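Participant: take this sequence and fold it.
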Amino acid sequence: MEGDRGEQMNQSSIHGGCLCKTVTFEVNPPFQKMVHCHCSRCRKGTGTGHATNLTVEPSQFRWLSGEEDITRYDLSTAKSFGKWFCRHCGCPVPHLARNGKIMVIPAGSLDTVPPITPTDHIFWASRAPWGCTSGGLPTHAEYPESW
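Facilitator: So this is what the prediction gives:
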């Protein structure tokens, strides 16, 4: 399964995995985005005030171990919300968006510091009243029109 994709990964790759270390992965920068999402689905899915996710093209991503130990949950009432997690420890792990064009990587699953910092807050209008401040980052009621 590694083939050409495995050869494309190099020392600049960013590594990550789940809490129990069953699921591991690497991703080759550059990242498209790193955003804080405040929608109610992300809050429920993470158990926190917001989810911080990075995105890359699928060709930039490679599972190193545990792919068979991932469980996927797709919210049937949502157009694109899905959550993948390790079936052993429950830790959120990267997932392929339903459109198949984007890998969504939970920032907390990274073991290596990425060469990007958050750029935006999305679904700001849905944020929890006790949530964090914007920290000076741009805020968007939903997805920015440019996305």
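Participant: can you pull out the helices in the chain?
Facilitator: If DSSP state H is used as the criterion, the helices of the chain fall at 3-8, 40-46.
Participant: lowest average confidence across those, which one?
Facilitator: Within those, confidence is poorest for helix 3-8, with a mean of 43 (mean pLDDT).
Participant: per-residue confidence for the most centrally placed residue in the chain?
Facilitator: Nearest to the centroid of the C-alpha atoms of the chain, with distances taken as CA atoms, centre = their mean, sits Ile105, at 2.3 Å. Among the per-residue scores, Ile105 shows a pLDDT of 97.
Participant: do Ala97 as well
Facilitator: Here the pLDDT value assigned to Ala97 is 87.
Participant: ok, for Arg127, nearest residue in space, not its chain neighbours?
Facilitator: His38 (3.8 Å; CB to CB, 6 or more residues apart in numbering). Bear in mind the C-beta positions are built from the backbone N, C-alpha and C, glycine included.
Participant: so that neighbour makes contact with Pro129?
Facilitator: No: judged on CB atoms under 8 Å, His38 makes no contact with Pro129 at a distance of 11.0 Å.
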